[in-house]
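**Q** One predicted model, sequence on top.
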Amino acid sequence: MSSNKNIYWVRNDVLNNSVSLYAKTMDIHASKHANDEVPTTEEHIFQTVTNPDHARRSLDPVVGSETCVFTKHFEAEGFPVVVPVIYDDLVKAEEYEHGGKTGRVTTGYFETRGYFSKFIGEIFWSKPNTGEGKK
């Protein structure tokens, strides 16, 4: 098991917050989701945080206002990845929406059931449609 000090990466999320993926989180995540229909890799998590399709508010009663849930559909796998990020030192709920905060990935998984958990709220941010791929 990795130490809590080992970090895979620290990158800015799409909202301009500094987000970390700890090796220990990935170790726990990998073992928890090892038998999923489609296992999630560190690269899936990275892409979902740095280039998501959507950002949603968490409705989790324990950490809801401190957590943003990023989602990204991966065409090759055919499903979206869900990556919750919990942010530190918030004074007001959802402060992470304005950037400048520090957060950490809590898990990441492909949503293969066809619906999101009741603890994943509405979309508050979507990737701008650049018209790429259209003629």
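**A** Noted; the coordinates are in hand.

**Q** Torsion angles phi and psi at Ile28?
**A** As for Ile28, its main-chain torsions (degrees, to the nearest 10) stand at phi -70, psi -40.

**Q** So which other helices or strands are in contact with the lowest-mean-pLDDT helix or strand in the chain?
**A** Lowest on mean pLDDT, DSSP states H and E among the helices and strands of the chain sits helix 23-32, with a mean of 85. When contacts are defined as 3 or more C-beta pairs under 8 Å, 6 or more residues apart in numbering; DSSP states H and E, helix 23-32 packs onto strand 7-12. No exception for glycine: its C-beta is placed from N, CA and C like everyone else's.

**Q** what's in contact with the strand it packs on?
**A** 18-23, 26, 42, 46, 49-50 (C-beta atoms under 8 Å, 6 or more residues apart in numbering).

**Q** ok, now with 6 Å
**A** 20-23, 42, 50 (C-beta atoms under 6 Å, 6 or more residues apart in numbering).

**Q** what does stretch 70-78 give?
**A** So stretch 70-78 is in contact with 38, 48-49, 52-55, 80-83, going by C-beta under 6 Å, 6+ apart.

**Q** same thing but at 10 Å, please
**A** 13-15, 19, 37-40, 43-45, 47-56, 79-85, 105, 108, 110-112, 116, 120, 123, 125, 127 (C-beta atoms under 10 Å, 6 or more residues apart in numbering).
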